[in-house]
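# Show me how the following folds:
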Amino acid sequence: MLDAVLSTVIKPLQGLADTIRIFLAVIVCILPIIYRYISSGKRSFAKLDELFNFLSTLPGGRFLFNRLLLWLSTTYTETCRPTVTKISTTEASAYIDDNVWMRNPFSSIHAVALANLAELTTGLAVICATNHRKGVRAIPNRIDMEYLKKARGRITGTTKINLPTQSGPYQCVAELSNSKGEVVCRGTVTWQVSVKDS
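Coordinates of the predicted model:
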């Protein structure tokens with residue numbers, strides 16, 4: 001009951017604070033973004049890792065990436081408020097904090113929020129890898145979760161990948177750990193990779 005009351009109060013306040021921070025981040029980041037677009041052309045933001053790395057160098061840029069761009073591309077996952085910390089063609093990591101609206105009746109993070117984090121981390125790495133390889137696409141078609149212990153506090157998801165060079169299913173494993181470094185669950189996301197013949 002207390003969690004429901006806290007959610008009703010905290011979530012709107014957090015949304016208001018995010019709106020103000022996004023507005024300020026846009027003000028700070030807009031000129032460097034325009035300059036990069038003018039000097040490098042529209043391809044300057046074509047690759048996910050390059051966009052993330054560029055915005056991470058700007059004050060408020062990483063926040064802007066995490067709140068605004070993730071909200072625009074993955075609205076459902078954004079409800080868990082993930083924070084991306086690393087994106088590359090071979091790995092990705094992100095974390096979620098233990099918010100009251102994501103708790104289950106056992107006062108731990110809900111299983112579906114953990115599945116969202118697993119799908120997000122594998123998705124960031126796979127999409128980044130496909131950005132760097134012409135004629136390669138991928139879409140998730142299965143998620144298997146193994147829950148090892150209750151997830152409380154900050155949960156960090158990490159994944160390492162080596163995208164195949166041929167079409168077919170590809171399994172990516174995301175390990176989700178608590179702040180003590182204990183693995184609380186493991187998500188295996190199967191991606192259907194399509195490689196177009198050159």
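# Tell me where this protein has helices.
2-40, 48-56, 61-64, 70-73, 75-78, 111-131 (DSSP state H).
# Ranking the ones you listed by mean neighbour count, which comes first?
helix 111-131 (a mean of 23; mean count of other Cβ atoms under 10 Å). From N, CA and C alone the C-beta is placed, and that goes for glycine too.
# Show me what that one packs onto, helices and strands only.
On a contact count with 3 or more Cβ pairs under 8 Å, 6 or more residues apart in numbering; DSSP states H and E, helix 111-131 meets helix 48-56, helix 75-78, strand 83-87, strand 91-96, strand 136-147, strand 155-160, strand 168-177, strand 183-195.
# Which residues does the second one contact?
Applying Cβ atoms under 8 Å, 6 or more residues apart in numbering, the external contacts of helix 75-78 come out as Arg67, Leu70, Trp71, Asn116, Glu119, Leu120.
# quick revisit: ok, which of the helices and strands packed on helix 111-131 comes nearest Asn104?
strand 136-147 (11.1 Å; Cβ to Cβ).
# quick one, that closest one and strand 183-195 angle?
Interaxial angle of strand 136-147 relative to strand 183-195 (axes from the mean of the first three to the mean of the last three Cα atoms, to 10 degrees): 160 degrees.
# can you pull the contacts of the most centrally placed residue in the chain?
Compute the mean C-alpha point of the chain, and by Cα atoms, centre = their mean the closest residue is Leu120, 4.4 Å away. Neighbouring residues of Leu120 by Cβ under 8 Å, 6+ apart: Thr74, Thr77, Pro82, Ala94, Gly157.
# Which one, of the helices of the chain, ends up nearest to Glu146?
Of all the helices of the chain, helix 111-131 sits nearest to Glu146, with 10.0 Å by Cβ to Cβ.
# then the closest one to PDB, C-alphas only?
What follows is helix 111-131, C-alpha atoms only, in PDB (Å, rounded to 0.1, in the frame of the first residue of the first chain):
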ATOM      1  CA  ALA A 111      10.600  -9.700 -13.200                       C
ATOM      2  CA  VAL A 112       9.400  -7.800 -16.300                       C
ATOM      3  CA  ALA A 113      11.500  -4.700 -15.400                       C
ATOM      4  CA  LEU A 114      14.600  -7.000 -15.300                       C
ATOM      5  CA  ALA A 115      13.600  -8.600 -18.600                       C
ATOM      6  CA  ASN A 116      13.400  -5.100 -20.100                       C
ATOM      7  CA  LEU A 117      16.900  -4.400 -18.900                       C
ATOM      8  CA  ALA A 118      18.200  -7.600 -20.400                       C
ATOM      9  CA  GLU A 119      16.600  -6.900 -23.700                       C
ATOM     10  CA  LEU A 120      17.800  -3.300 -23.700                       C
ATOM     11  CA  THR A 121      21.500  -4.200 -23.100                       C
ATOM     12  CA  THR A 122      21.600  -6.900 -25.700                       C
ATOM     13  CA  GLY A 123      19.700  -4.700 -28.100                       C
ATOM     14  CA  LEU A 124      22.100  -1.800 -27.800                       C
ATOM     15  CA  ALA A 125      25.100  -4.000 -28.600                       C
ATOM     16  CA  VAL A 126      23.300  -5.800 -31.500                       C
ATOM     17  CA  ILE A 127      21.900  -2.600 -33.000                       C
ATOM     18  CA  CYS A 128      25.300  -0.900 -32.700                       C
ATOM     19  CA  ALA A 129      27.000  -3.900 -34.400                       C
ATOM     20  CA  THR A 130      24.500  -3.800 -37.200                       C
ATOM     21  CA  ASN A 131      25.000  -0.100 -37.700                       C
END
